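**Student:** need a 3D model of the sequence below.
(one chain, ligands or ions: 1)
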Amino acid sequence: MQILVFNAGSSSLKFGVFSVATETHEVFRGSYERFRDGKCEYRFRHRETDERGTASFDNPGEALKGVPDALKRFGVNAIDAIGHRIVHGGAKFSSPTLVNDETVEAIEALTPLAPLHIPANLKAVELCRSLWPDIPQVAVFDTAFHLSNPAFVTTYAVPARWREAGLRRYGFHGTSHKYVAERAADEIGRPLSDLQLVSIHLGNGASVCAVNRGHSMDSSMGMTPLEGLVMGTRSGDVDPGAFGFLSRELGLSVQEIEDALYDQSGLKGLAGSSDMRDIEDRAAEGDPQAQLAIEIYAYRAKKYVGAYAAAMGGLDAIVFTGGIGENSPSMRRRICDGLAVMGLQLDHDRNIAVSLTGQAAPQIQAYGSRVRVLVTETAEQRMIARETATALAGGRSDGGLRLPIAVSARHVHLSRDAVDALFGKGYVLNQAVALRQPGHWAANERVTLVGPKGRLERVAILGPLRQRTQIEVSRTDSFALGIEVPVRDSGKLEATPQVTIEGPSGSFTTDGLIIAARHIHTNPVDAKRLGIEDGEYVDVRVGDPDRGLTFGRTLVRVGDNAFTEVHIDTDEANAAGIDVAATGELVQI
Ligand code: ADP
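**Tutor:** Residues are numbered from 1 along each chain as shown. Model prediction:
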């Protein structure tokens, strides 16, 4: 499958063609940049050819019209699908989404969240729909990876009215952080779900992401791509009190301050250039402004590494990427210096010798460093191609999607009473891992279930607390406990059997023991696209050719911000021969 990928910004158009099969190969790479006086610079790379020149386009939208000719000239013809990088998906888009009128409308409604980027992204989408009307297109969102962030990460401590208006943290560079985390796990040779990683993307835009066992837990960008690290021209973290101060002292308007924070700050504000190469050269010649800019830049990144190790409660590796992360050994060294306290030590020779050809991801930690340090090229376009192919592979021609499957092992949802009895009055559970459903988490603490026949130790506790305690086990678990347990939808607890829960401070005997009926969580946008409704029962086909099977009577539950996924238990997963990262397919009846 050949996929054409577009990254359309307000000042540049980057695109690529990828052949996606078991491996993803770049076939063609192109860009149009530096639009000035009706002209722009282009660069096309295909096999051994690297062609640069000037073209008569005065904006990225116009330049897109030149892409079909460019591809034809290089003999790159058969395009099966188009993937678009869309900077903001709000709280709605949790996965790559097939483009149709409705998707375009939903993205357009998010314009206030990214007023510069979304119009540019959508212009490319519309042009592609008119240039290639018969080719399916998929929108891949920069924010989607971070929708797994827990509420205590996404919520700003501001008045309720502001929050209700939509003010919250989102995080960006999601495609890059996801790719980099997967590449690092591959290199380390352990499943991503085992690893606690910090991904450090240092390009013109820059962000750090805490990737906790495969899910983004936190990232340094917030409501907009302005929060967090020092960037090329963006300030990163600034006291919001600056707005009042600058308005009173310099008479600046909100717009003027915002423009300056985006375009005149960061490295440019500190040292007059947004280009780290210039700044490093000047610092080497003794320029004190350039030296201070580098120190601030590194210090800010180092602070986030420490913060995210604390947030995740552990750190296995950090990964550098982006133009600066990939190419500046001295910046990597400055960020890592002093982190020996966390078990992280760089090997200076390996750091200097980094070569990233052939998608390498070299490890550059010192011998004996507990935390690994990796460097790898970010490959957002490659990842967009892959995600586009995946979205289409399981998608039906009417725009269906493959559904991620989440396998639920035995767990409990506790009430306040239960927590008091098990852990002590007023005890607050520690939220260890954010689950993919927004606002849901797994606690650090564990409990034991006790039945007439046996005990189940180290059972997970999922939050937030509920009005009523609910204990979810599999049929196999019910035999181990020696209790006959009914299959029930979550929350339907009338006349369910009793079980005793043991915690460190006491025990709690309650009804509410169920085998959870399989179900699909989804949101209104995905539900509409999949053609399913809240309360409906559908069939889902899962598993490999050997043991795959179709689960009938799967309940659809639509929630405003729900992440679309099918929940089955361990018995069902084992029966279908699948592991944690499987997907299923909705069966059309
Ligand atoms: P974008 O976010 O626009 O994709 P990049 O990832 O290409 O940006 O990163 C651009 C930044 O990388 C610039 O600050 C540039 O100076 C820096 N950079 C590129 N090569 C080097 C290098 N060899 N040493 C230091 N910085 C570099």
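**Student:** any idea which strand is longest in this structure?
**Tutor:** Criterion DSSP state E: the longest strand present in the chain is strand 24-36.
**Student:** next SSE after that strand?
**Tutor:** strand 39-46 (DSSP states H and E).
**Student:** quick check: mean pLDDT of that next one?
**Tutor:** Averaged across strand 39-46, the pLDDT comes to 95.
**Student:** partners of the helix or strand that it is followed by in the sheet?
**Tutor:** Under the assignment DSSP H and E, the closest C-terminal helix or strand after strand 39-46 is strand 49-55. Using DSSP bridges, the strands paired with strand 49-55 in its sheet are strand 39-46 (antiparallel).
**Student:** is the residue of the stretch 451-589 of the chain found nearest the ligand in a helix, a strand, or coil?
**Tutor:** Nearest residue of the stretch 451-589 of the chain to the ligand: Phe563, at 27.7 Å (Cβ to the nearest ligand atom). Bear in mind the C-beta positions are built from the backbone N, C-alpha and C, glycine included. With DSSP: H, G, I helix; E, B strand; the rest coil as the basis, Phe563 sits in coil.
**Student:** where along the stretch 351-500 of the chain do the helices fall?
**Tutor:** For the stretch 351-500 of the chain, helices defined by DSSP state H, counting those that start in this stretch occupy the ranges 380-393, 416-423, 475-481.
**Student:** deepest-packed of the ones you listed, please.
**Tutor:** Neighbour counts (mean count of other Cβ atoms under 10 Å) averaged over each of the helices of the stretch 351-500 of the chain peak at helix 380-393, with a mean of 24.
**Student:** so what's the residue most central in space within the chain closest to, chain neighbours aside?
**Tutor:** The centroid of the chain falls nearest to Phe145 when counting by Cα atoms, centre = their mean (1.6 Å). Computed as Cβ to Cβ, 6 or more residues apart in numbering, the closest residue to Phe145 that is not its neighbour in sequence is Gly174, at 3.2 Å.
**Student:** tell me, how many residues neighbour that neighbour?
**Tutor:** Close neighbours of Gly174, defined as other Cβ atoms under 10 Å, add up to 26.
**Student:** phi, psi for it please.
**Tutor:** phi -60, psi -40 (degrees, to the nearest 10).
**Student:** what's the answer for Gly189, then?
**Tutor:** Taking degrees, to the nearest 10, you get phi 80, psi 30 for the backbone angles of Gly189.
**Student:** rewinding a little: can you redo the helices of the stretch 351-500 of the chain as CSV with mean pLDDT and distance to Val99?
**Tutor:** Output for those, formatted as CSV (pLDDT from 0 to 100; distance: least, Cβ to Cβ, whole Å):
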stretch, mean pLDDT, distance to Val99
helix 380-393, 89, 10
helix 416-423, 96, 46
helix 475-481, 96, 42
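**Student:** would you mind measuring the gap between the ends of stretch 212-224?
**Tutor:** 22 Å (Cα to Cα, to the nearest Å).
**Student:** let me see the mean pLDDT of that stretch.
**Tutor:** For stretch 212-224, the per-residue pLDDT averages 94.
**Student:** that one: which residues count as buried?
**Tutor:** For stretch 212-224, burial by neighbour count (16 or more other Cβ atoms under 10 Å) applies to 212-224.
**Student:** thinking again about what came up before, and the angle from the longest strand of the chain to strand 39-46?
**Tutor:** Angle, strand 24-36 to strand 39-46, by axes from the mean of the first three to the mean of the last three Cα atoms, to 10 degrees: 170 degrees.
**Student:** which residues does strand 24-36 contact?
**Tutor:** 2, 11-19, 40-46, 55, 57-60, 63, 66-67, 70-71, 74, 76, 381-382, 385-386 (Cβ atoms under 8 Å, 6 or more residues apart in numbering).
**Student:** filter the residues you listed to the buried ones?
**Tutor:** 2, 12-19, 40, 42, 44-46, 57, 59-60, 63, 66-67, 70-71, 74, 76, 381-382, 385-386.
**Student:** before we move on, the earlier item: confirm the residue nearest to the centre of the chain sits in a strand?
**Tutor:** No: looking at Phe145 with three-state DSSP, it is helix, so not inside a strand.
**Student:** how near is it to the ligand?
**Tutor:** Between Phe145 and the ligand the computed distance is 17 Å (Cβ to the nearest ligand atom, to the nearest Å).
**Student:** that residue against Tyr179, yeah?
**Tutor:** No: the criterion here is Cβ atoms under 8 Å, and Phe145 misses it with Tyr179 at 9.6 Å.
**Student:** residues contacting Val5?
**Tutor:** The contact partners of Val5, by Cβ under 8 Å, 6+ apart, come to 15-18, 82-85, 381, 384-385, 388.
**Student:** let's go with 6 Å and repeat that
**Tutor:** The contact partners of Val5, by Cβ atoms under 6 Å, 6 or more residues apart in numbering, come to 16, 83, 381, 384-385.
**Student:** now the two most distant members of those residues.
**Tutor:** Within the contacts of Val5, Gly16 and Gly83 form the most distant pair, 9.5 Å apart (Cβ to Cβ).
**Student:** need the residues of this protein near the ligand, please.
**Tutor:** Contact residues, the chain versus the ligand (Cβ under 6 Å from any ligand atom): 203-205, 232, 275-277, 280, 322-324, 327-328.
**Student:** low-confidence ranges, the stretch 351-500 of the chain, go.
**Tutor:** Low-confidence segments of the stretch 351-500 of the chain, defined by pLDDT under 70: 394-402.
**Student:** minimum distance to the ligand, which residue of it gives it?
**Tutor:** Closest contact between the stretch 351-500 of the chain and the ligand, by Cβ to the nearest ligand atom, is at Thr378 (7.0 Å).
**Student:** isn't that residue right up against His177?
**Tutor:** No: using Cβ atoms under 6 Å, Thr378 makes no contact with His177, being 8.8 Å away.
**Student:** of the two, who's got more company?
**Tutor:** Shown here are Thr378 and His177; by other Cβ under 10 Å, His177 has more neighbours (31 against 25).
**Student:** name the nearest residue to that one, sequence neighbours excluded.
**Tutor:** Once flanking residues are discounted, His177 sits nearest to Cys209: 4.0 Å by Cβ to Cβ, 6+ apart.
**Student:** assumed that neighbour was part of a strand.
**Tutor:** Yes: using three-state DSSP, the secondary structure at Cys209 is a strand.
**Student:** nearest to the ligand: which residue in this protein?
**Tutor:** Nearest residue of the chain to the ligand (Cβ to the nearest ligand atom) works out as Gly323 at 2.1 Å.
**Student:** quick one: contacts for that residue?
**Tutor:** By Cβ under 6 Å, 6+ apart, the contact set of Gly323 is Gly203.
**Student:** quick check: Phe502 touching Arg446?
**Tutor:** Not Phe; residue 502 is Glu. No: checked against Cβ under 6 Å, the pair Glu502 and Arg446 is beyond contact range at 10.3 Å.
**Student:** the two - which one has more neighbours?
**Tutor:** Per other Cβ under 10 Å, whichever of Glu502 and Arg446 has more neighbours is Glu502, with 18 against 15.
**Student:** confirm the more buried one sits in a helix?
**Tutor:** No: under three-state DSSP, Glu502 sits outside any helix and is assigned strand.
**Student:** so what pairs up with it in the strands?
**Tutor:** Under the criterion used here (DSSP bridges), Glu502 is bridged to Thr448, Ser507.
**Student:** can you report phi and psi for the residue of the chain most remote from its centre?
**Tutor:** Residue farthest from the centre of the chain, counting by Cα atoms, centre = their mean, is Pro452 at 44.0 Å. The phi/psi pair for Pro452 (degrees, to the nearest 10) reads phi -60, psi -30.
**Student:** isn't it right next to Ala480, touching?
**Tutor:** No: look at Pro452 against Ala480 with Cβ under 6 Å: they stay out of range, at 11.0 Å.
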